[in-house]
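Undergrad: fold the stuff below for me.
(4 chains)
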There are 2 protein chains.
Amino acid sequence: MNTEERIKKQRELIEKIGLYFDKEGFQPIAGRILGLLMVMDKEQFTFDEIVEELQISKSSASNALKNLEIREDIEYITLPGDRKRYFQVRKQDKFTLIKGFEKKMRQSMDMFDCILSLKADKNSSNAVFLKEMKDTMEFVLTQLNKLIEESEK
Amino acid sequence: MNTEERIKKQRELIEKIGLYFDKEGFQPIAGRILGLLMVMDKEQFTFDEIVEELQISKSSASNALKNLEIREDIEYITLPGDRKRYFQVRKQDKFTLIKGFEKKMRQSMDMFDCILSLKADKNSSNAVFLKEMKDTMEFVLTQLNKLIEESEK
DNA sequence: TAAATAGTTTATAAAAAACCGAACCAAATA
DNA sequence: TATTTGGTTCGGTTTTTTATAAACTATTTA
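TA: As a prediction, the model looks like this:
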């Protein structure tokens, strides 16, 4: 595969990644920006380069970038004597990644707890089911944290 | 807390759960139906009961229920000599739950692989980062499967 | 056979999200 | 001081999503 082909495939991949992020709840343009910053060989893009590369308006870019920054998915660096911002994907470490899973799982677990606390019959079909799901999640999280502790040593 | 208070809180919780599912990408009414089926003491609802309880139109109910069924979040049972369908949450077992995590994680991992395979420089900042994320996920999945195997014994 | 039940489908209205262009602003440069 | 650069904000348009009412269908009951 020569460079030209590769770059063409990268541009196609940006679209696929965009769709993936759409499903994750990102706005379409935000997903494509994130895709751009992830796949291309060049890994830092200025505002204007993003606008140009994705063929979007400056306002769309401005909004999407602000969003991605707030979500901590991207960040930017600046260079001395250069007013431009250079955007890049924000690299989290593996512990942050796992903490992310944990946070999402805890949300479900909290919801299950709320439901359980309001059930008249704690042995009802749903109550038993929710309790089991919650316990499974608790178990997974405990084991995961054990693994982290071990790997920290 | 008396029964009346409890039921009032359950109705409020349905709204909260609805919002949670909205963020997960469910359509609003689908999220509320799922909430209803999860939180109330009564754990099976007919079509008309759902329409009545949530104050929604029959067509909205029909669509949302079809959706939830396709996603395998709910199911219904029928009773002999009764044309009505009784909807309830579909209970997955803990292995299915974990398989669900795994499937979602594999999606990210596949995406990372696609990106990596198109990178000119496998030691670029993003390439190294994506590789590390992927390896972490791989590790988590392996450990998780080990746990499952052990618990199956 | 007529009417009721248990929904589905269709057409459409209303609301929200996405996106754009143009005007705008602040800092740097000419 | 005027212009350029690097954006942001505002107002409006387009698109998509959500939800409805009304018409319809298929089965059962009277």
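Undergrad: is any residue of the worst-scoring helix or strand of chain A on mean pLDDT near chain B?
TA: The least trusted helix or strand in chain A, going by mean pLDDT, DSSP states H and E, turns out to be helix A:125-152, with a mean of 94. Yes: contact of helix A:125-152 with chain B (Cβ under 8 Å from any Cβ of the partner chain) involves A:125-126, A:129-130, A:132-133, A:136-137, A:139-140, A:143-144, A:147. (Glycine included, C-beta is placed from N, CA and C.)
Undergrad: what subset of those is buried?
TA: Buried by 16 or more other Cβ atoms under 10 Å in any protein chain shown: A:126, A:129-130, A:132-133, A:136-137, A:140, A:144, A:147, out of these.
Undergrad: of the residues of helix A:125-152 next to chain B, which is the nearest to DNA strand D?
TA: Distance to DNA strand D, by Cβ to the nearest atom of the strand, is smallest for A:Asn126 among the residues of helix A:125-152 next to chain B, at 23.2 Å.
Undergrad: can you tell me the closest non-neighbouring residue to the closest one?
TA: Spatially, and ignoring its direct neighbours in sequence, A:Asn126 is nearest to B:Glu43 (5.0 Å; Cβ to Cβ, 6 or more residues apart in numbering or on different chains).
Undergrad: using the three-state scheme, assign the one you found.
TA: Secondary structure, DSSP: H, G, I helix; E, B strand; the rest coil: B:Glu43 is coil.
Undergrad: isn't it right next to A:Ser125, touching?
TA: Yes: using Cβ atoms under 8 Å, B:Glu43 is in contact with A:Ser125, at 5.7 Å.
Undergrad: give me the common contacts of those two.
TA: Taking Cβ atoms under 8 Å, 6 or more residues apart in numbering or on different chains as the contact rule, B:Glu43 and A:Ser125 both touch B:Gln88.
Undergrad: show me what counts as buried in the one helix or strand A:Lys99 maps to.
TA: Element membership for A:Lys99, per DSSP states H and E: helix A:94-117. Applying a neighbour-count criterion of 16+ other Cβ under 10 Å, one finds A:94, A:97-98, A:101-102, A:105, A:108-109, A:111-112, A:114-116 buried in helix A:94-117.
Undergrad: ok, the longest strand seen in chain A: who's next to it in the sheet?
TA: Secondary structure of chain A per DSSP state E: the longest strand is strand A:82-89. Paired with strand A:82-89 in the same sheet, following DSSP bridges, are strand A:45-46 (antiparallel), strand A:74-79 (antiparallel).
Undergrad: in chain A, which residue is most central in space?
TA: A:Asp73 (6.3 Å; Cα atoms, centre = their mean).
Undergrad: quick check: phi and psi at that one.
TA: phi -90, psi -30 (degrees, to the nearest 10).
Undergrad: these two touch, right, it and A:Gln92?
TA: No: A:Asp73 lies out of contact with A:Gln92 (Cβ under 8 Å); the separation is 9.3 Å.
Undergrad: for A:Leu68, give me the pLDDT.
TA: A:Leu68 carries a pLDDT value of 98.
Undergrad: name the nearest residue to it, ignoring sequence neighbours.
TA: Per Cβ to Cβ, 6+ apart, closest to A:Leu68 is A:Ile74, 4.4 Å.
Undergrad: then A:Phe45?
TA: A:Phe45 sits nearest to A:Phe87 (Cβ to Cβ, 6+ apart), 5.4 Å away.
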